[in-house]
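**Student:** turn this into a model:
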Amino acid sequence: MKTGQPWRINMGDIPIFSGARHRPPLKRPLWIIVLVSLVSIFVICAFLYPPQSSAACYIFSSRGCKAISDWLPPSPAREYNDDEIASRVVIKEILSAPPVQSKNPKLAFMFLTPSAVPFEKLWDKFFHGHEGKFSVYVHASKEKAVHLSRYFANREIRSDQVIWGKISMVDAERRLLANALQDPENQHFVLLSESCVPLYTFDYIYDYLMNTNISYVDCFEDPGPHGNGRYSEHMLPEIEMKDFRKGAQWFSVKRRHAVIIMADNLYYTKFRDYCKPGLEGRNCIADEHYLPTFFNIIDPGGIANWSVTHVDWSERKWHPKLYRAGDISYELLRNITSIDVSVHVTSDAKKVVQRWPCLWNGQQRPCYLFARKFHPESLSNLLHLFANYTTV
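**Tutor:** Residues are numbered from 1 along each chain as shown. Got it, this is the predicted structure:
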């Protein structure tokens with residue numbers, strides 16, 4: 001048997017060439033280097049100078065700014081200044097303190113009106129039989145009213161001039177809150193106008209507001225010209241555009257939130273100085289932005305993000321629809337009380353419709369307890385319908 005022979009290479013059989021081996025010149029992928037450089041520059045610029053408008057965001061992504069922010073690194077935490085630290089300490093103490101227990105908790109109805117309240121007769125029927133469970137405060141900015149109801153007599157507070165769209169409107173709201181807070185039994189505070197009417201019985205509204213731990217402050221994000229378009233960078237650093245919000249002024253707040261509103265000076269000052277009609281070409285309306293932005297910053301989980309006062313903006317004008325005598329019917333009022341979804345529409349070209357259910361202690365319930373804007377001539381028709389439309 002033949003034994004296997006190892007395989008050997010005879011170097012003599014391989015020709016050996018002398019001299020250096022020649023290689024073709026290497027082609028550098030310059031286009032890849034240029035592309036990577038441009039992407040890197042874009043990412044750095046987007047992080048340092050984020051887009052300030054939704055239109056700019058949609059250039060890079062169909063999902064807008066949200067898609068860009070998802071993959072950008074988080075912004076470094078900003079160091080608060082002394083005023084912010086002091087403000088946040090006070091607010092935190094108020095929010096963490098146990099609620100004041102009252103033997104006779106009351107609702108404070110605060111009427112912000114130029115003079116008389118034309119629906120006093122209707123409110124008189126609403127309040128009758130519930131004495132001791134409510135308080136009434138009237139801020140008449142133009143002239144002292146002649147009252148037709150005993151519940152409104154001698155309930156005026158010291159008032160001052162109020163100009164629509166200016167900080168004087170917020171001042172009047174705070175003036176009403178300050179007076180109502182003097183009564184320790186007032187536990188919930190409702191801001192109403194002279195054109196507001198109740199949609200339910202007193203007992204229903206009392207239970208609705210007293211038996212929940214949140215405040216009803218209208219608050220939503222509007223990237224359009226009537227929302228973020230009113231923002232001024234002079235509000236920095238305390239108020240950033242991402243925190244700027246919009247909403248109707250007709251709030252309904254718990255006592256702790258009423259106290260916080262009165263304690264605030266930091267954010268109020270920003271809106272007093274930099275949110276006014278005609279400033280820098282913007283028509284910023286303080287009463288539409290101050291409280292929504294304020295609560296979005298200090299206690300976003302403590303508000304319901306909608307107002308319990310209904311108003312019809314379907315006509316797309318500067319002021320809401322005005323209901324006259326001919327508009328009043330049982331069907332109109334029933335349609336308003338059947339709404340259980342809050343709807344907001346952005347003011348930009350996209351007209352995005354934002355909807356969320358009106359939840360009361362986790363259950364979907366009607367959104368609105370009051371409604372406006374009713375003309376004084378509708379009083380007789382409302383009085384006639386009152387017994388029917390307030391039946392729950």
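**Student:** show me where pLDDT drops low in the stretch 201-350 of the chain?
**Tutor:** For the stretch 201-350 of the chain, applying pLDDT under 70 flags the ranges 318.
**Student:** contacting residues around the closest residue to P114 other than its chain neighbours?
**Tutor:** Nearest residue to P114 in three dimensions, chain neighbours excluded: K142, at 4.3 Å (C-beta to C-beta, 6 or more residues apart in numbering). C-betas here are computed from N, CA, C, even on glycine. By C-beta atoms under 8 Å, 6 or more residues apart in numbering, the contact set of K142 is P114, S115, Q161.
**Student:** do the same with G132
**Tutor:** G132 sits next to N104, K106 when contact means C-beta under 8 Å, 6+ apart.
**Student:** quick one: the helices in the stretch 101-250 of the chain?
**Tutor:** 120-127, 167-181, 202-210 (DSSP state H, counting those that start in this stretch).
**Student:** looks like H147 contacts A153 (just checking).
**Tutor:** Yes. Judged on C-beta atoms under 8 Å, H147 makes contact with A153 at a distance of 4.9 Å.
**Student:** so between these two, which is more surrounded?
**Tutor:** For H147 and A153, the more surrounded residue by other C-beta atoms under 10 Å is H147, and the numbers stand at 18 against 14.
**Student:** against T309, how distant is the more buried one?
**Tutor:** To T309, H147 is 22 Å away according to C-beta to C-beta, to the nearest Å.
**Student:** how close does the nearest residue to P105 once chain neighbours are set aside sit to V259?
**Tutor:** Counting by C-beta to C-beta, 6+ apart, P105 lies nearest to Q187, which is 4.2 Å off, once chain neighbours are set aside. As judged by C-beta to C-beta, Q187 and V259 stand 11 Å apart.
**Student:** what do you get for Q101?
**Tutor:** According to C-beta to C-beta, Q101 stands 15 Å off from V259.
**Student:** so these two - more neighbours on which side?
**Tutor:** Shown here are Q101 and V259; by other C-beta under 10 Å, V259 has more neighbours (19 against 7).
**Student:** so which strand or helix has that one?
**Tutor:** Per DSSP states H and E, V259 falls inside helix 255-263.
**Student:** starting at the chain centroid, how far to that helix?
**Tutor:** Mean-position distance between helix 255-263 and its chain equals 17 Å (C-alpha atoms, centre = their mean, to the nearest Å).
**Student:** between that helix and helix 167-181, how big is the angle?
**Tutor:** Here helix 255-263 runs at an angle of 130 degrees relative to helix 167-181 (axes from the mean of the first three to the mean of the last three C-alpha atoms, to 10 degrees).
**Student:** run through the neighbouring helices and strands of helix 255-263.
**Tutor:** Under the contact definition 3 or more C-beta pairs under 8 Å, 6 or more residues apart in numbering; DSSP states H and E, helix 255-263 sits against helix 82-96, helix 167-181, strand 186-193, helix 286-298.
**Student:** mind checking which of those is nearest L379?
**Tutor:** Among those, strand 186-193 comes nearest to L379, with 15.0 Å by C-beta to C-beta.
**Student:** contacts for that closest one, please.
**Tutor:** With contacts defined as C-beta under 8 Å, 6+ apart, strand 186-193 is touched by 100, 102, 105-113, 135, 173, 176-177, 180-181, 209-210, 249-255, 258, 308-309, 370, 372-373.
**Student:** what about V190, how many residues nearby?
**Tutor:** Look at V190: counted by other C-beta under 10 Å, it has 23 neighbours.
**Student:** and I328, by the same measure?
**Tutor:** Neighbours of I328 using other C-beta under 10 Å come to 22.
**Student:** cool, and S37?
**Tutor:** S37 has 10 neighbours, counted by other C-beta under 10 Å.
**Student:** re the thing from before, anything in contact with each of Q187 and V259?
**Tutor:** Overlap of the contact sets of Q187 and V259 (by C-beta under 8 Å, 6+ apart) is empty.
**Student:** sorry, back to before: wait, which of the helices of the stretch 101-250 of the chain is closest to I32?
**Tutor:** Closest approach to I32 among these is made by helix 167-181 (57.0 Å; C-beta to C-beta).
**Student:** quick one: list the elements packing against that closest one.
**Tutor:** Packing partners of helix 167-181 (3+ C-beta pairs under 8 Å, 6+ apart): strand 106-113, strand 134-140, strand 186-193, helix 255-263, helix 266-274, helix 286-298.
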